[in-house]
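Q: Task: produce atomic coordinates for the following.
(chains A and B)
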Protein chains: 2
Amino acid sequence: MIRHRITLSYEGSCYHGFQSQKNALAIQDVLEERLEKLYGRTVKVEAAGRTDAGVHARGQVVAFTAPPLIPTARLPAALNGLLPEDIVVLGAGQEKESFYPRRDARAKIYSYTVDNGPFPDVFWRRFAWHLPCSLDLEAMRAGAHYLAGRHDFKAFQASGSAVENTVRTIYALDIERRGSFITFLFRGDGFLYKMVRNITGTLVEVGQLKKEPGDIENILFAGDRRLAGETAPAKGLCLEKVFY
Amino acid sequence: MIRHRITLSYEGSCYHGFQSQKNALAIQDVLEERLEKLYGRTVKVEAAGRTDAGVHARGQVVAFTAPPLIPTARLPAALNGLLPEDIVVLGAGQEKESFYPRRDARAKIYSYTVDNGPFPDVFWRRFAWHLPCSLDLEAMRAGAHYLAGRHDFKAFQASGSAVENTVRTIYALDIERRGSFITFLFRGDGFLYKMVRNITGTLVEVGQLKKEPGDIENILFAGDRRLAGETAPAKGLCLEKVFY
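A: As a prediction, this is how the structure comes out:
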């Protein structure tokens, strides 16, 4: 048996997230169904990030164990021939038997895209949050400054989450404008459930001058989800890369 | 009555082109239906370019005559509130009664996008032609060089077209690579039916070294559609801008 690692990109619009669940189609279901077709047996997959419904990926990492039927180099083409066009395998490699993409990930990059044009860009409507309001980039960057580093991000975790350790490290949070688009780029050792979308929603309120940059520090310190802003919509979020 | 001009962007994927036709939904149908809702009467529209099924637009220009019920500046928001999310009005202005966007257009810019990555980019699959083969950019540029200027483009017109005058001027045909994408940018005084897609298909054969750059000159001179390459798929084409 071989432990494979594949890099996956997908448009999440039509799926209820990566992970299988009852009564809803997840990317995992599609992937496992196609792998079963390819290998003629049940193949279970694990992913580095459990992206939510509507969230996209450019560099999701998925692992599975399968018999040595297909050379690793030919896996992307073989799988892409079976997968729907909104899921594309970009690369494949072999790993040790003990490799678990979620547990072993050292760092991840997520992007969040805001379409800040007066009217929504039709080509980006599935991949960006359209916010036609004025957004103060410098204020958002000042707010983001408080988030970089090792902190307890409890305030930005989805309410109701039961994770014990809510301390994470954000290595960098860069906010860039290109044309009418604003991209928030998060690099960190890991992210709590809905943390990127909650931070983005809160920074947008700073950009709208509804909150001050310094409020971010207070929210972080208080650890109270109710003080933070609204959760930014799923469609603007994309898992860009996972580091091992 | 006021003659309005609106600038329109749309994703053409779900429509059978701009112009109304039997038994198929066109962008014109949707637009006229919403205008009727807005004005409480039949409103007919004309467009600068009759984009085909699957072709997109960032700057289509459409004109219509309607009673002065809605201030021009508020037309985009009023219409966008009624239109589906794959059609977006970007701007509006007033014109002389005699304005016809197709007849009066002085120049147009079309873009054609090729996704030249090894695997299709899931986010661009509706807006780009995926061609994983090697493409020689310099060869394509050398071929494009023969097309710039005033020529009889009969060889690049869809077979069966009945246009009498097939002489057009291409002001510029720029080919640029950005990452794994190649964009063909056509600026001209007008384009024959499927001319941009036929030229792109032919230049791609030059890029694949199936044809030589000099063949473009011969095809142009012979005026024979059968000598040119295949028609590039609709989804890579976008009407970028119309000049008056």
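Q: Please identify the residues of chain A in proximity to chain B?
A: Residues of chain A lying close to chain B (C-beta under 8 Å from any C-beta of the partner chain) are A:9-11, A:56, A:76, A:80, A:85-90, A:118-123, A:125, A:127. Where you see a C-beta, it was placed from the backbone N, CA and C, and this is true even at glycine.
Q: which of those are buried?
A: A:9-11, A:56, A:76, A:80, A:86-90, A:119-123, A:125, A:127 (16 or more other C-beta atoms under 10 Å in any protein chain shown).
Q: Of those residues, which belong to strands?
A: Those of those mapping onto strands are A:9, A:10, A:56, A:87, A:88, A:89, A:90, per DSSP state E.
Q: where's the second one relative to residue A:236, distance?
A: Looking back up the chat, that one is residue A:10. To residue A:236, residue A:10 is 15 Å away according to C-beta to C-beta, to the nearest Å.
Q: hey, where'd the strands end up in chain A?
A: Counting by DSSP E, chain A has strands at residues A:2-10, A:45-47, A:56-66, A:87-95, A:107-115, A:129-130, A:149-152, A:167-178, A:181-188, A:237-243.
Q: Let me see the mean pLDDT of the fifth one.
A: Averaging pLDDT along strand A:107-115 gives 98.
Q: Send me that strand as CSV with only the CA atoms.
A: Extracted as CSV, the C-alpha positions of strand A:107-115 are listed here (Å, rounded to 0.1, in the frame of the first residue of the first chain):
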residue,chain,number,x,y,z
ALA,A,107,1.5,26.5,8.4
LYS,A,108,-1.3,27.5,6.1
ILE,A,109,-2.1,30.4,3.9
TYR,A,110,-5.7,31.6,3.5
SER,A,111,-6.8,34.4,1.3
TYR,A,112,-10.0,36.5,1.7
THR,A,113,-11.1,38.6,-1.3
VAL,A,114,-13.3,41.6,-1.1
ASP,A,115,-14.7,43.2,-4.3
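Q: how about it: buried residues?
A: So for strand A:107-115, counting by 16+ other C-beta under 10 Å, buried means A:108, A:109, A:110, A:111, A:112, A:113, A:114, A:115.
Q: and if you look at the third one?
A: Along strand A:56-66, these residues count as buried under the neighbour rule (16+ other C-beta under 10 Å): A:56, A:57, A:58, A:59, A:60, A:61, A:62, A:63, A:64, A:66.
Q: likewise the longest one?
A: Neighbour-count burial for strand A:167-178, with 16+ other C-beta under 10 Å as criterion, is recorded at A:168, A:170, A:173, A:175.
Q: model confidence over that strand, on average?
A: Here the average pLDDT along strand A:167-178 is 97.
Q: who's in contact with that strand?
A: Here strand A:167-178 makes contact (C-beta atoms under 8 Å, 6 or more residues apart in numbering or on different chains) with A:107, A:116, A:137, A:140-141, A:144, A:147-153, A:182-192, A:195, A:199, A:203.
Q: And the pLDDT for the nearest residue to residue A:92 once chain neighbours are set aside?
A: Residue nearest to residue A:92 in three dimensions, not counting chain neighbours: residue A:75, with 3.9 Å by C-beta to C-beta, 6 or more residues apart in numbering or on different chains. Per-residue pLDDT puts residue A:75 at 96.
Q: tally of neighbours for residue A:75?
A: Residue A:75: 21 surrounding residues under other C-beta atoms under 10 Å in any protein chain shown.
Q: go on, residue A:96?
A: 7.
Q: Help me confirm that it comes into contact with residue A:4.
A: No - if you go by C-beta atoms under 8 Å, residue A:96 and residue A:4 don't touch, sitting 11.4 Å apart.
Q: how is chain A carved up into domains?
A: As recorded under automatic domain parsing, the domains making up chain A are A:2-103, A:105-243.
Q: Serialize these to TSV and add fields for distance to residue B:231.
A: Conversion of those to TSV gives the following (distance: least, C-beta to C-beta, whole Å):
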stretch	distance to residue B:231
domain A:2-103	21
domain A:105-243	22
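Q: who wins for proximity to residue B:212 among those?
A: Closest to residue B:212 of those is domain A:2-103 (C-beta to C-beta; 30.7 Å).
Q: what about the closest one, how long is it end to end?
A: 19 Å (C-alpha to C-alpha, to the nearest Å).
Q: starting at the chain centroid, how far to it?
A: Relative to its parent chain, domain A:2-103 has a centroid offset of 15 Å by C-alpha atoms, centre = their mean, to the nearest Å.
Q: show me the contacts for the nearest residue to residue A:157 once chain neighbours are set aside.
A: Sequence neighbours aside, residue A:192 is the residue nearest to residue A:157 in space, at 4.0 Å (criterion: C-beta to C-beta, 6+ apart). The neighbourhood of residue A:192, defined by C-beta under 8 Å, 6+ apart, consists of A:153, A:154, A:156, A:157, A:158, A:161, A:163, A:166, A:168.
Q: hang on, the earlier thing: of the contacts of strand A:167-178, buried ones?
A: By neighbour count, with 16+ other C-beta under 10 Å, those hold A:116, A:140-141, A:144, A:147-148, A:151, A:153, A:182-184, A:186-188, A:190-192, A:195, A:199, A:203 as buried.
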